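Novice: This is a predicted model, with the sequence first.
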There are 2 protein chains.
Amino acid sequence: MTDTIAQLCQRLTQGVYVIGVAHGKARNAFTAAWVMQVSFDPLLLALSINPDHSSYALLKESGAFSVNVLKEDQLDLAAHYGQPRSADKLVDADWTMGRLEVPLLRTGLAWFECEVLNAHPAGDHVLTVGKVVGGKLLDPGAEPLTYRQTGDLDGASKITRNGF
Amino acid sequence: MTDTIAQLCQRLTQGVYVIGVAHGKARNAFTAAWVMQVSFDPLLLALSINPDHSSYALLKESGAFSVNVLKEDQLDLAAHYGQPRSADKLVDADWTMGRLEVPLLRTGLAWFECEVLNAHPAGDHVLTVGKVVGGKLLDPGAEPLTYRQTGDLDGASKITRNGF
């Protein structure tokens, strides 16, 4: 086959989300595309997360995370929260705390608050299943940002192998 | 909260796929939106599947499935393979057999051939993780069909509960 795996994977349609995590006084948020609904009732979302990221420890310890849906015009937020962690990346005015004590983005399209149900190693990531215990549509008229619109912001084409 | 869960879930961006399964002489294909990449290396895809569907038994027995990406103008195929199974839904001319002995759609945008690695119950679905052992980009210039473009083709708004 002559197609690269990166080219193939670009045909899988995904959104763009900022995942919020916190434990004790530590908190963080990071950009992710690997989020999807996996059950109607109970309402469950799956998030595939890199366990080497510092946010994974917070998620694991607290057993909770938020999924914040970005709007089409929020590519700047996708870039900001996609950077490797330096100091606390969260801009206070943009965030509020949810009932599960995870940060929720006030300025996004919508948020979901999730309790971790279980987690399964999946290659270089961990497939984490969360039960949605709350959610809010913040801007019903806005369009969601799509992963495709972010171009190669996350450098996926460099990470992906060329062949099977 | 006044937003319905269905309205919230519509803000999660997904593609539209036809999943191909086969075991012995039996084969089937069905439309699915709950597909995503979950690992770069090895390249893994996750599919959340309703275990009550007849296709699930074929997937489980064979340990393999294909993910066929639909094009923007293939809403008719999404509807056709989204119907409850009656007779064999597959139109022979449109399908070929892959190396894992699962049907691959010749007329789609791309296909992935996956070996089942493991499966995890997730509410009313089963989250199945597949290792991608092959893939082909059939129409590089085509746009993928998005779940949003299918409207309420799958009746999700009727299945989804109103509140948390």
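Specialist: Noted; the coordinates are in hand. Numbering: from 1, shown residues only, chains lettered A, B, ... in the order given.
Novice: For the residue nearest the centre of chain A, give the beta-bridge partners.
Specialist: Nearest residue to the geometric centre of chain A (Cα atoms, centre = their mean): residue A:32, 3.4 Å. Beta-bridge pairing for residue A:32 (DSSP bridges): residue A:17.
Novice: wait, doesn't it sit right on residue A:15?
Specialist: No: counting by Cβ atoms under 8 Å, residue A:32 sits too far from residue A:15 to count as a contact (9.4 Å). Heads up, the C-betas are built off the backbone N, CA and C, glycines and all.
Novice: quick one: low-confidence ranges for chain A?
Specialist: In the predicted model, chain A carries pLDDT under 70 at residues A:1-3, A:85-87.
Novice: so where do the strands sit in it?
Specialist: Along chain A, the stretches classed as strands by DSSP state E are A:17-23, A:26-32, A:35-39, A:44-49, A:64-69, A:95-97, A:103-105, A:110-122, A:125-137.
Novice: Just give me how far the third one sits from the chain centre.
Specialist: So the one you mean is strand A:35-39. Its chain's average C-alpha position is 12 Å from that of strand A:35-39, according to Cα atoms, centre = their mean, to the nearest Å.
Novice: what angle separates that strand from strand B:125-137?
Specialist: Orientation of strand A:35-39 against strand B:125-137 (axes from the mean of the first three to the mean of the last three Cα atoms, to 10 degrees) gives an angle of 130 degrees.
Novice: and what of the first one?
Specialist: Taking the same axes, to 10 degrees, strand A:17-23 and strand B:125-137 form an angle of 140 degrees between their directions.
Novice: quick check, distance from strand A:17-23 to the centre of its chain.
Specialist: Counting by Cα atoms, centre = their mean, strand A:17-23 is centred 7 Å from the centre of its parent chain.
Novice: that older thread, which ones are touching the residue nearest to the centre of chain A?
Specialist: Listed by Cβ atoms under 8 Å, 6 or more residues apart in numbering or on different chains, the contact set of residue A:32 reads A:16, A:17, A:18, A:19, A:47, A:48, A:49.
Novice: ok, for the fourth one, nearest residue in space, not its chain neighbours?
Specialist: Spelled out, it's residue A:19. Once flanking residues are discounted, residue A:19 sits nearest to residue A:32: 5.1 Å by Cβ to Cβ, 6 or more residues apart in numbering or on different chains.
Novice: Count the residues that sit near residue A:75.
Specialist: 16 (other Cβ atoms under 10 Å in any protein chain shown).
Novice: Okay then, goodbye and thanks.
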